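S.K.: can you look at this prediction? I've put the sequence above it.
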Amino acid sequence: MDMDGLILRLFDIQAVKFGSFKLKSGITSPIYLDLRVIVSFPDVLAAVAALMWERVKDLQWDHLCGVPYTALPIATVIAVQQSRSMVMRRKEKKEYGTSVLVEGRYTAGQTVLIVEDIITSGASILETAQDLRAAGLQPLHSIVMINREQGGQANIEASGCSVHSVLTLSQVLECLERHQRLEPAVVGQVRQFLAANAQVAVPASPLPPPRPKALPFAQRAALCPNPVGRRLFEIMEQKKSNLSFNPDVTKKAEILRLTDLVGPSICMLKTHIDVVEDFDWDLVEQLRALAVKHNFVIFEDRKFADIGNTVQLQFTSGVYRIAEWADIVNAHLVPGPGIIDGLRQGAKAAGRDIGLLLLAEMSSKGNLATGAYTEANVKAALEHPDFVIGFIAMQGLAPAHPNLMYITPGVQLAKGGDALGQQYDTPEAVVGRKGSDIIQVGRGIFGAADPAAEAEKYRVAAWEAYQARVQATA
Ligand code: S5P
């Protein structure tokens, strides 16, 4: 399809319309370009993608990024046709948390070519460029299908991003006039409009939402309806520790040895009691004694996931009688909120104060605890404030409720992973940037030559990251 052929086709499918239209920039225009419809015309979509590619194929950049929504399919077609990487900017921010705004696989400092259908003031490209920069990327170039010639190009180039276009609005008009698709009066009206609106100001973009306030742990303790949640926040403040340690080893003596070594640095010990080969009740008693000696709480990471009646039995009975010694347990919400009630009844039967964590998110590759499932966990926690003290999560999820705490597994001093899908992020990223409270570390500590010294490194890193957040949002 040549350029004239494409313009005529755009006219025929009503991607170019004449009348009176209010634009995003606020002005009323006699011509309206609506490239959203091209998704229904694969020949047009393919031609648009091919012509845009022609204009930018000699530029250097790492990823394409379409401005949502109209340009997303265009960018996708270019990416697929040219075997180039794309990233995707999320337009709607999630209601909660510090959600990722730019999806895809990229590293900080890489460059981006922004793809857009139309520019008027350039505001949409500037918004996308802003989010790309916030994600550490550099929006270097942009390519647009039709430039309305109303100042957008200058506005975008002033921000350091070059603008390339396939067509200008004058060229569209001239072609339609030459092929006698328009009344001369309409052509005159549009030309007059373009002359009068050669520079459209970029509407002031709303300020980014303020970072949620991080309160000192002592203040959060006072907001906690659950006694265990309250005690844990108090221990965190007293010991200057938001480090939880899990000695995931299978011998009783080794668990006790590691726990005694790292005890001074931790606020919480996390156990997987069912992996211990020589479990006996003495192990439980010795762990409880260490919890008193070093002042930490014990979290049995049992991940309950059955109906209320069954989890109540699993919690209170069997070999491990978890409700008799754990301060904190956790559960998947898959069976529905009945699991929370079942566990609460178990805690009541044991006559002890116990707090529950919901597994709102997980650290392993490909896990399904995302989106609506994560949101359902937040809702359930808010509905059971006396028992649910927080979440296993990869980030802060409900910053408006500082009584809820976030424990994040998958933490090591360097980013990475293991052979079975575990993914690691750093204490600074998890606590400092993503809004989590407690880092959950296992192999990073007990795999080190000197676990006590290593635990101290994690304690300091996580504590300083939280203090920096408190100060930054004070
Ligand atoms: O999503 C999760 C949830 C949990 S509780 N990902 C996890 O890794 N965990 C637990 O955290 C896991 O069972 C293990 O005990 C710990 C991570 O251990 P590490 O050795 O990888 O630090």
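M.R.: Yep, that arrived.

S.K.: quick one: contacts for the residue lying closest to residue 423 once chain neighbours are set aside?
M.R.: Counting by CB to CB, 6 or more residues apart in numbering, residue 417 is the residue found nearest to residue 423 once chain neighbours are left out, at 4.7 Å. For every residue, glycine as well, the C-beta is placed using N, CA and C. For residue 417, the contact set (CB atoms under 8 Å, 6 or more residues apart in numbering) comprises 365, 423-424.

S.K.: what's the closest non-adjacent residue to the residue in the chain that the ligand sits nearest to?
M.R.: Across the chain, the shortest distance to the ligand (CB to the nearest ligand atom) belongs to residue 442, at 2.7 Å. Among residues not flanking residue 442 along the chain, residue 246 sits closest, at 4.2 Å (CB to CB, 6+ apart).

S.K.: how near is that neighbour to residue 62?
M.R.: Separation of residue 246 from residue 62 (CB to CB, to the nearest Å): 38 Å.

S.K.: looking at those two, which one has more neighbours?
M.R.: residue 246 (22 against 17; other CB atoms under 10 Å).

S.K.: buried ones among the contacts of residue 417?
M.R.: The neighbour count (16 or more other CB atoms under 10 Å) marks 423-424 as buried among the contacts of residue 417.

S.K.: which of the contacts of residue 417 fall within strands?
M.R.: 423-424 (DSSP state E).

S.K.: let's verify residue 310: helix, strand, or coil?
M.R.: The three-state assignment at residue 310 reads helix, by DSSP: H, G, I helix; E, B strand; the rest coil.

S.K.: now do the contacts for it.
M.R.: Taking CB under 8 Å, 6+ apart, one finds residue 342 in contact with residue 310.

S.K.: per-residue pLDDT, it?
M.R.: Looking at residue 310, its pLDDT is 97.

S.K.: give me every residue in this structure lying close to the ligand.
M.R.: With the criterion set to CB under 6 Å from any ligand atom, the chain comes near the ligand through 246, 248, 272, 301, 362-364, 392, 409-410, 422, 440-444.

S.K.: okay, and which of those residues map to helices?
M.R.: 443-444 (DSSP state H).

S.K.: now residue 114, which residues is it bridged with?
M.R.: In this entry, residue 114 is beta-bridged to residue 65, residue 142, by DSSP bridges.

S.K.: which residues does the helix or strand harbouring residue 72 contact?
M.R.: According to DSSP states H and E, residue 72 maps onto helix 71-82. Applying CB under 8 Å, 6+ apart, the external contacts of helix 71-82 come out as 35, 38-39, 45-46, 48-50, 52-53, 57, 64-66, 84-86, 88, 115-117, 145.

S.K.: which members of the residues of the chain next to the ligand are classed as buried?
M.R.: 246, 272, 301, 362-363, 392, 409-410, 422, 440-442, 444.

S.K.: quick check, nearest of the residues you listed to residue 13?
M.R.: Nearest to residue 13 among these: residue 362, at 45.8 Å, using CB to CB.

S.K.: tell me which helix or strand the closest residue to that closest one other than its chain neighbours sits in.
M.R.: Using CB to CB, 6+ apart and skipping the chain neighbours, the partner closest in space to residue 362 is residue 369 (4.8 Å). Taking DSSP H and E as the definition, one finds residue 369 inside no helix or strand.

S.K.: so for residue 369, what's the pLDDT?
M.R.: In the predicted model, residue 369 carries a pLDDT score of 94.

S.K.: isn't it up against residue 361?
M.R.: Yes - counting by CB atoms under 8 Å, residue 369 does reach residue 361; the two are 5.0 Å apart.

S.K.: could you say which helix or strand contains residue 55?
M.R.: Counting by DSSP H and E, residue 55 is part of helix 42-56.

S.K.: give me the angle between that helix and helix 71-82.
M.R.: Interaxial angle of helix 42-56 relative to helix 71-82 (axes from the mean of the first three to the mean of the last three CA atoms, to 10 degrees): 70 degrees.

S.K.: just checking, residue 319 touches residue 281?
M.R.: No - using CB under 8 Å, residue 319 is not in contact with residue 281; the gap is 9.4 Å.

S.K.: ok, back up a step: give me the subset of the buried ones among the residues of the chain next to the ligand that lies in strands.
M.R.: Short answer: these in strands (DSSP E) are 301, 392, 440-441.

S.K.: who's in contact with residue 263?
M.R.: Residue 263 neighbours (CB under 8 Å, 6+ apart): 269, 290, 293-294, 296.

S.K.: that one belongs to a helix?
M.R.: Yes - under three-state DSSP, residue 263 sits within a helix.

S.K.: ok, back up a step: which of the contacts of residue 263 lies closest to residue 7?
M.R.: residue 269 (69.8 Å).

S.K.: give me the distance from the host helix or strand of the closest one to the chain's centre.
M.R.: Taking DSSP H and E as the definition, residue 269 sits inside strand 268-271. When C-alpha coordinates are averaged (CA atoms, centre = their mean, to the nearest Å), strand 268-271 and its chain have centres 27 Å apart.
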